[in-house]
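Q: Any chance you could fold what I've pasted below:
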Amino acid sequence: MKQRLALLTAAFLLLGTSAANANSLTNTSPISGATIVTAPSVVTLTAQSALAQDGSTIQVSDPNGKSVDDGSLLIDGTSATIGLTQLTAAGTYTVTYQLLSDTDAPLQGSYKFIFNSPSVISAQTPATSTSATPVPDSGPASSNRGTTYLVLVMLVLACVVTVGLSIYARKLFKNR
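A: This next block holds a predicted model:
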């Protein structure tokens, strides 16, 4: 029984350290779900852990599914930035990414933002005062299903360990 308990404890500790190191997005620019009126020149994704230089990809598609990124991916620590061509079509743009880190499984997913392009672009625009309305932070832009499953497995494992310890304690104190 002691060997089983030691094995369960070791498994719990080993799985617990991998859950603590799970990578996820902490910030996106443009923000996931945001409606913007100024065309961005880049898309930036920021992760919790440092990203690997090789193997990461970010693709940005316009409302018609045409690629609008210029392929110039730059990885700098925890940030990945891709350049964009001039956005002209109004609508929903999709950012699809796969980011690799040295210590974790690939961080992959997608998010959308809406670009409302001006209907007429003129050379002279009058200066107007507009107040910026803050967009509430919706948390991480990624829905990493693997992390969710890992947390659920950890909870089940914690329950199994708790039940095992209860049974062991009951037997130990019953014999006294």
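
Q: Every contact and neighbour count from this point should use C-alpha atoms.
A: Will do.

Q: Now tell me which helix or strand of the protein has the poorest mean pLDDT.
A: Least confident helix or strand, the chain: helix 2-20 with a mean of 62, by mean pLDDT, DSSP states H and E.

Q: Could you look up the next helix or strand downstream of it?
A: For helix 2-20, the following helix or strand on the C-terminal side (DSSP states H and E) is strand 25-29.

Q: Contacts for the next helix-or-strand element following that next one, please.
A: For strand 25-29, the succeeding helix or strand toward the C-terminus, using DSSP H and E, is strand 35-36. Strand 35-36 is contacted from outside by Phe113, Ile114, Phe115, Asn116, using Cα atoms under 8 Å, 6 or more residues apart in numbering.

Q: mean confidence for strand 35-36?
A: The average pLDDT within strand 35-36 is 93.

Q: what does stretch 107-125 give?
A: Mean predicted confidence for stretch 107-125 is 75.

Q: Quick check: which ranges of this protein have low pLDDT?
A: The chain contains residues with pLDDT under 70 at 1, 5-22, 119-147, 149.

Q: what do you get if the cut-off is 80, keeping everything else the same?
A: 1-23, 102-105, 117-152, 175-176 (pLDDT under 80).

Q: Would you mark the buried spots in whichever helix in it runs longest?
A: If you go by DSSP state H, the chain has its longest helix at helix 145-174. Buried residues in helix 145-174, counted by 16 or more other Cα atoms under 10 Å: Thr147, Leu150, Met154, Leu157, Ala158, Val161, Gly164.

Q: Between these, which sits nearest Thr44?
A: Of all these, Thr147 has the smallest distance to Thr44: 22.1 Å, by Cα to Cα.

Q: Can you give me the domain boundaries for the protein?
A: Using automatic domain parsing, the domain parsing of the chain gives 1-22+144-176, 25-120+134-142.

Q: Give me whichever of those is most buried.
A: domain 25-120+134-142 (a mean of 17; mean count of other Cα atoms under 10 Å).

Q: so who does Thr85 touch?
A: Applying Cα under 8 Å, 6+ apart, the residues near Thr85 are Ser41, Val68, Asp69, Asp70.

Q: Who is the third one paired with across the strands?
A: Read that as Asp69. Leu84 (DSSP bridges).

Q: measure it to Leu155 for me?
A: For Asp69, the distance to Leu155 (Cα to Cα, to the nearest Å) stands at 41 Å.
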